[in-house]
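Trainee: Fold the following.
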Amino acid sequence: MSDAPPAAEPAIEQTVEPAVEIRVEASEAGKRLDRILSDRELGHSRATLQRWIDEERVRVDGEPAKRKVRPPFGALIEVWPAPPPLSAAQPQAMDLDVVFEDEHLLVIDKPSGLVVHPGAGHPDGTLVNGLLHHTMLADGGDPVRPGIVHRLDKDTSGVMVVAKQPPARDGLVELFQAHDIERAYVAIAVGHPPEQITHETLHGRHPHDRKRFSSRVERGKRAVTHMVVEQRLHAASLVRCTLETGRTHQIRVHLADTGHPVLGDVLYGSTPRDPRLSAALAQLGRLALHARVLGFVHPVTGEALRFERPPPAPFLAAVDALAVDQAPPPR
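Mentor: Residues are numbered from 1 along each chain as shown. Take a look at the predicted model:
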């Protein structure tokens, strides 16, 4: 095993590991290059290996190869690992509500108001900053979002999972892509929607506002939300929304596009005219959406995991303030 790429080839950026050499076995012949490397469990995520292929850090019989190349039996694959990217996010001490943690992943109960990862307008103070102070996170190929496999909006509270190791990240990504994750939310929806309904629509960017999404599009991805009313409230309803798919703002879009936006949704809703509803929103001071249930099969151990966390106190106080058997406050 050599310590440097062949002299005839352009120099590759300094690696932190020597090249890894793999001989294609009979059972691997005909498989895609990225699949062979992923199945060999080299200690790096499939996304990282694919990035290295694109950067020509992977060679088949001495030649750079594409992801879809299917090496024959006996071919020599050389992998030249790249230095890990420097994270754009820095560790910051933060109180985190850790629901579950092992060597592969952790589940947290994210508070409302906390941005998940650094971005425009939020260079630090995000969940990723706090997680980096708490533990090591999986390399996902994005230096500002290590370990992140799904997101909750800033003002949405509730349970979410984060990967600590590449195999866990790859497995979780596959579960989310296959929609093989149990996710149930609770929301205070304005008005009184049907007792039970399934929203199955297309989902895409709003044609006139790029910050928003819409279900009223001619082309887009399939989006399915199963909604059940849990409690009728004054001028509103407490609803449970179970996701079959997970599109950006999916619940908010489905409720708003059917005339029942989430209370406090400044992007898809409007200021309530009902004084009691307005007072409850002022007391709540946030989007009335909470990720209550998260269930999945552990991508490494195979254990069935399910986590449920109730909405935070201000959310529950808003529900109580809108209870139909409670008299409105004196004016």
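
Trainee: low-scoring stretches of the protein, by residue?
Mentor: Scanning the chain for pLDDT under 70 picks out 1-18, 41, 43, 83-88, 120-121, 139-144, 326-331.

Trainee: What helices and strands are in contact with the top strand by length along it?
Mentor: Identified as the longest strand of the chain according to DSSP state E is strand 221-233. Judged by 3 or more Cβ pairs under 8 Å, 6 or more residues apart in numbering; DSSP states H and E, the packing partners of strand 221-233 are strand 196-205, strand 236-243, helix 250-257. Every residue, glycine included, has its C-beta placed from N, CA and C.

Trainee: Mind listing the strands the first one pairs with, and their directions?
Mentor: Each strand that pairs with strand 196-205, with its direction, by DSSP bridges: strand 213-214 (antiparallel), strand 221-233 (antiparallel).

Trainee: Next, the closest residue to Pro64 other than its chain neighbours: secondary structure please.
Mentor: Spatial nearest neighbour of Pro64, chain neighbours left out: Glu56 (4.0 Å); criterion: Cβ to Cβ, 6 or more residues apart in numbering. Following DSSP: H, G, I helix; E, B strand; the rest coil, the label given to Glu56 is coil.

Trainee: Next: Leu316.
Mentor: On the three-state scheme (three-state DSSP), Leu316 is labelled helix.

Trainee: Can you tell me the closest non-neighbouring residue to it?
Mentor: Nearest residue to Leu316 in three dimensions, chain neighbours excluded: Pro310, at 7.2 Å (Cβ to Cβ, 6+ apart).

Trainee: now do Leu114
Mentor: Among residues not flanking Leu114 along the chain, Leu127 sits closest, at 5.5 Å (Cβ to Cβ, 6+ apart).

Trainee: Identify the residues contacting Arg232.
Mentor: His192, Val324 (Cβ atoms under 8 Å, 6 or more residues apart in numbering).

Trainee: go on, Met136?
Mentor: With contact set as Cβ under 8 Å, 6+ apart, Met136 has these partners: Lys164.

Trainee: Please apply the same query to Val116.
Mentor: Val116 touches Lys110, Thr126, Leu127, Val128, Arg145, Ile148, Arg151, Leu152, Lys154, Met160, counting by Cβ under 8 Å, 6+ apart.

Trainee: Pretty sure Lys68 sits in a helix.
Mentor: No. Per three-state DSSP, Lys68 lies outside any helix segment and is coil.

Trainee: So what's the residue count around the nearest residue to it once chain neighbours are set aside?
Mentor: Using Cβ to Cβ, 6+ apart and skipping the chain neighbours, the partner closest in space to Lys68 is Arg32 (5.6 Å). Using other Cβ atoms under 10 Å, Arg32 has 15 other residues around it.

Trainee: so Arg32 touches Val69, yeah?
Mentor: Yes. With contacts counted by Cβ atoms under 8 Å, Arg32 reaches Val69, the gap being 7.3 Å.

Trainee: does the residue nearest to Leu316 really touch Ala291, like I thought?
Mentor: No. Under the criterion of Cβ under 8 Å, Pro310 is not in contact with Ala291, lying 11.3 Å apart.

Trainee: With neighbour numbers in mind, choose between these two.
Mentor: Neighbour tally, Pro310 and Ala291, criterion other Cβ under 10 Å: the higher count belongs to Ala291, 25 against 12.

Trainee: just checking, that one touches Gly158?
Mentor: Yes. The criterion here is Cβ under 8 Å, and Ala291 meets it with Gly158 at 2.6 Å.

Trainee: so how far is Leu127 from Asp180?
Mentor: With distances taken as Cβ to Cβ, to the nearest Å, Asp180 is found 24 Å from Leu127.

Trainee: Oh, that last question was meant for Val60, not what I typed.
Mentor: For Val60 relative to Leu127 (Cβ to Cβ), the value is 40 Å.
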